[in-house]
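**Q** what follows is a predicted structure for the sequence shown.
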Amino acid sequence: MCLDDSPAQPSLDGLAKLHAKHPHATLCCSDLPSPDGCQPLEVEESEVRKAILSFTAVSAGGHDGLRPQHLKELVLCRESCQELLTDLTAFVNMLLAGRCPKTVAPVFFGGRLLALHKKSGGIRPIAIGLTLRHLASKCANSAIMAHLRPQFAPWQLGLGMSGCCEAAVHSTRHYLESLAPGHVVVKLDFSNAFNNIHRTDMLQAVFDRIPELFAFTNSAYLVPSILYYGPYSVLSQEHLLRCSPSVDACGPQTFDDLLKSALSCITNNTLSDLQWLQASLPIKFGGLGIRQLTSLKLSAFLALAASTPLLQDEILGGLQLLPDEVVESLRCRWASLYGPPPQASWRQSSSHGTYQILWSIPLQ
């Protein structure tokens, strides 16, 4: 809905641009320590099952055709789930121990490569790895999140924390509203990390900080990975791969208009405002369950603001700021539409889902 980049069909021109983003190796990895002295991470069946069920329904699969949804359906099958889960856990632990055969590693740790044309004329590569590789990475990430969080937060957000983006936006907005005269906020746009972090630097950092994952990452990055771009292939051997709200913004309304137009085409009927409103009702109330973004944006904004105050305080470093008038005014607007706000403590630590449900109850 928000991305203006257009898909780039596989071509020799696109292949040349992708080769420029994946240069030949310039550094040797022979100076890295051996993984033999590192005790690899081992996970249990419950952790593997949790990782499988955490995949979103629309998660894409790699070049082998296996999608995360396939695994989710299989582990929920009563007849064979236990045997499959046992075998998957053994397979994940084999990968975490760095025992993926070197002849298989370039394909297994590679992926399907998609590309988008940038408005600036460049190309944006998107790598989609194998589901089983993704599963092992999920298990590894879950195991070390709590250990790494103190090394990053609150200066770098996004690791081992939920609501990071929302907390950064709300804390910045609140800080700007309390900005003293003569002060400014400087936003620095750093160069993208893509093609700026060498594999050897990453592997050395893993060995120093999380040695239990060194065997796994060494197995994944010690040899070049093969990326399949249509009928072509690209070797990734130098750098790392990346896999793939404002309450008064006009974007939600634009999206709702497109959704209404699509529903009108499907039903071959021009929907009136009343019919469109009825379609947005839950199925149990006679609607189609098509939620409108314009009806959700107010509760979503307040829910996200309510679920991240502690992280916002951490980001702001205990600064004494003025009351957040924007949030208070939106709470008043919500109360005028739906009645008293949810009674959960505004500063109570909770999940995004819990707060979203509390603030969305009047809309259900």
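**A** Happy to help now that I have it. Residues are numbered from 1 along each chain as shown.
**Q** wait, C165 sits on L157?
**A** Yes: counting by CB atoms under 8 Å, L157 is a contact partner of C165 at 7.4 Å. Placement of C-beta: from N, CA and C, glycine included.
**Q** neighbour count: those two, which is higher?
**A** Taking other CB atoms under 10 Å, C165 and L157 do not tie; L157 has more neighbours (18 against 13).
**Q** which non-adjacent residue is nearest that one?
**A** Among residues not flanking L157 along the chain, C164 sits closest, at 3.6 Å (CB to CB, 6 or more residues apart in numbering).
**Q** what is the neighbour count of that neighbour?
**A** Other residues lying near C164 total 19 when counted by other CB under 10 Å.
**Q** tell me which stretches of the stretch 1-150 of the chain form helices.
**A** Secondary structure of the stretch 1-150 of the chain (DSSP state H, counting those that start in this stretch): helices at 12-21, 45-53, 68-75, 81-96, 105-108, 131-152.
**Q** adding mean neighbour count and mean pLDDT, write these out as JSON lines.
**A** Listed next are the helices of the stretch 1-150 of the chain as JSON lines, based on neighbours: other CB atoms under 10 Å; pLDDT from 0 to 100:
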{"stretch": "helix 12-21", "mean neighbour count": "15", "mean pLDDT": "78"}
{"stretch": "helix 45-53", "mean neighbour count": "17", "mean pLDDT": "91"}
{"stretch": "helix 68-75", "mean neighbour count": "17", "mean pLDDT": "88"}
{"stretch": "helix 81-96", "mean neighbour count": "16", "mean pLDDT": "92"}
{"stretch": "helix 105-108", "mean neighbour count": "19", "mean pLDDT": "89"}
{"stretch": "helix 131-152", "mean neighbour count": "17", "mean pLDDT": "84"}
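**Q** would you list the ones you listed in CSV and tack on distance to A300?
**A** Compiled in CSV, the helices of the stretch 1-150 of the chain are given as follows (distance: least, CB to CB, whole Å):
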stretch, distance to A300
helix 12-21, 35
helix 45-53, 24
helix 68-75, 26
helix 81-96, 35
helix 105-108, 39
helix 131-152, 25
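**Q** so which of these gets nearest I283?
**A** helix 68-75 (22.6 Å; CB to CB).
**Q** could you dump the closest one to CSV, C-alpha only?
**A** Coordinates of each C-alpha in helix 68-75 appear next as CSV, following Å, rounded to 0.1, in the frame of the first residue of the first chain:
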residue,chain,number,x,y,z
PRO,A,68,6.0,-22.1,6.8
GLN,A,69,2.2,-22.8,6.6
HIS,A,70,3.0,-26.3,5.5
LEU,A,71,5.0,-26.9,8.8
LYS,A,72,2.2,-25.3,10.9
GLU,A,73,-0.4,-27.6,9.4
LEU,A,74,1.8,-30.7,9.9
VAL,A,75,2.7,-30.0,13.6
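**Q** I'd say A60 and I128 touch.
**A** Yes: the criterion here is CB under 8 Å, and A60 meets it with I128 at 5.0 Å.
**Q** what about stretch 281-300, start to end distance?
**A** Start-to-end span of stretch 281-300 (CA to CA, to the nearest Å) is 18 Å.
**Q** the residue nearest to L157 and P309, how far apart?
**A** According to CB to CB, to the nearest Å, C164 stands 14 Å off from P309.
**Q** and M145, by the same measure?
**A** 21 Å.
**Q** Q9 now?
**A** On the measure of CB to CB, Q9 and P309 end up 47 Å apart.
**Q** now R333
**A** 20 Å.
**Q** between the two, which one's more packed in?
**A** The neighbour count for R333 versus P309, taken as other CB under 10 Å, is higher for P309 (20 against 13).
**Q** ok, that one to A20 distance?
**A** Distance check for P309 against A20: by CB to CB, it reads 45 Å.
**Q** quick one: contacts for I283?
**A** Listed by CB atoms under 8 Å, 6 or more residues apart in numbering, the contact set of I283 reads G289.
**Q** do P33 as well
**A** Contacts of P33 (CB under 8 Å, 6+ apart): F207, F214.
**Q** would you mind putting the CA coordinates of the one helix or strand D257 maps to into PDB?
**A** Using DSSP states H and E, D257 falls within helix 251-267. C-alpha atoms of helix 251-267 as PDB (Å, rounded to 0.1, in the frame of the first residue of the first chain):
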ATOM      1  CA  GLY A 251      -3.400   6.500   3.900                       C
ATOM      2  CA  PRO A 252      -6.100   4.500   5.800                       C
ATOM      3  CA  GLN A 253      -8.900   6.300   4.000                       C
ATOM      4  CA  THR A 254      -7.300   5.700   0.600                       C
ATOM      5  CA  PHE A 255      -6.900   2.000   1.400                       C
ATOM      6  CA  ASP A 256     -10.600   1.800   2.600                       C
ATOM      7  CA  ASP A 257     -11.700   3.400  -0.700                       C
ATOM      8  CA  LEU A 258      -9.700   0.800  -2.700                       C
ATOM      9  CA  LEU A 259     -11.200  -2.000  -0.600                       C
ATOM     10  CA  LYS A 260     -14.700  -0.700  -1.100                       C
ATOM     11  CA  SER A 261     -14.100  -0.500  -4.800                       C
ATOM     12  CA  ALA A 262     -12.800  -4.000  -4.900                       C
ATOM     13  CA  LEU A 263     -15.800  -5.400  -3.000                       C
ATOM     14  CA  SER A 264     -18.100  -3.500  -5.300                       C
ATOM     15  CA  CYS A 265     -16.500  -5.200  -8.300                       C
ATOM     16  CA  ILE A 266     -16.700  -8.600  -6.700                       C
ATOM     17  CA  THR A 267     -20.400  -8.200  -5.800                       C
END
